[in-house]
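Q: Next input, structure requested:
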Amino acid sequence: MNGARGAAFAVAMALMALGPMAGGETAAGARAETLGPVTNLPLPRFVSLKTDKANIRRGPGLTHRVDWVFMRRGMPLEITAEFGHWRRVRDVDDAGGWVHFAMLRGSRSAVVTAPRAALREGPEPGANLVALAEAGVILSVEKCVRNWCEVETKGDSGWIAKPEIWGVGPDEVFD
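A: The predicted structure is shown next:
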């Protein structure tokens, strides 16, 4: 092989040897499906905080230092790893650590990240306005279609555009 072709071949072989990268990324940049070793559920995945107060620890166990205390029931969290009864989570601000699984629930929630987000009667920009939600409002997520999620908060329900919230994946669809 000549020099350029040999170098390209060596790089390609090195990338193939790496296989899936950390965080579920492959060498080609595509998202790989990773399942948790404890629950066999997809990682990462979104859940919500079950309690008003949860200690977030540096490692998976009671002997690890508490780095954060999350104090908002219903707060959306993303599980990124599992170890026994412990889940590594992060919040909308990328703060996180390890929390006991009993502090989490599978029901979905999202937090408004836009300064103001419109809740609409249907999943389209021209649908009638139901309400406006300020940044930081936590919403219960009922279902999501391609670019929209049906949500509820304090008696108001409607559809909100996915880019205005955190707590669902951009390509996630469920009901």
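Q: can we go C-alpha only for contacts and neighbour counts from here?
A: OK.
Q: so which strand or helix has the residue nearest to Asp175 when sequence neighbours are not counted?
A: Leaving aside its sequence neighbours, Asp175 sits nearest to Lys143 (CA to CA, 6 or more residues apart in numbering; 4.2 Å). Here Lys143, judged by DSSP states H and E, is contained in strand 138-144.
Q: still on that earlier bit, you'd agree the residue nearest to Asp175 is up against Val151?
A: Yes - with contact defined as CA atoms under 8 Å, Lys143 reaches Val151; the gap is 7.4 Å.
Q: Please identify which of the two sits among more neighbours.
A: Counted by other CA atoms under 10 Å, Lys143 and Val151 do not tie: Val151 has more neighbours, with 22 against 16.
Q: what's the spacing between the more buried one and Asn128?
A: Computed as CA to CA, to the nearest Å, the Val151 to Asn128 distance reads 15 Å.
Q: you'd agree Ala54 is up against Met71?
A: Yes - look at Ala54 against Met71 with CA under 8 Å: they come within range, at 6.6 Å.
Q: So between these two, which is more surrounded?
A: Ala54 (20 against 13).
Q: so what's the more buried one scoring on pLDDT?
A: The confidence metric pLDDT takes the value 98 at Ala54.
Q: can you tell me how far it sits from Glu164?
A: Distance from Ala54 to Glu164, by CA to CA: 26 Å.
Q: any low-confidence regions in this protein?
A: Regions of the chain meeting the criterion pLDDT under 70 cover residues 1-32.
Q: How much space separates the residue sitting nearest the centre point of it from Gly158?
A: Central residue of the chain (CA atoms, centre = their mean): Glu78, 3.8 Å from the mean position. Plainly put, Glu78 is 23 Å away from Gly158 if you go by CA to CA.
Q: How about Arg72?
A: Taking CA to CA, one finds Arg72 at 22 Å from Gly158.
Q: got it, and Ala131?
A: From Ala131 to Gly158 the distance is 8 Å (CA to CA).
Q: anything in contact with each of those two?
A: By CA atoms under 8 Å, 6 or more residues apart in numbering, Ala131 and Gly158 have these common neighbours: Leu119, Arg120.
Q: Looking at the two, which has the bigger crowd around it?
A: Taking neighbours as other CA under 10 Å, Ala131 and Gly158 compare with Gly158 leading, 22 against 15.
Q: Can you check my assumption that the more buried one lies in a helix?
A: No - secondary structure assignment (DSSP: H, G, I helix; E, B strand; the rest coil) places Gly158 in strand, not in a helix.
Q: these two touch, right, it and Gly122?
A: Yes - Gly158 lies in contact with Gly122 (CA under 8 Å); the separation is 6.9 Å.
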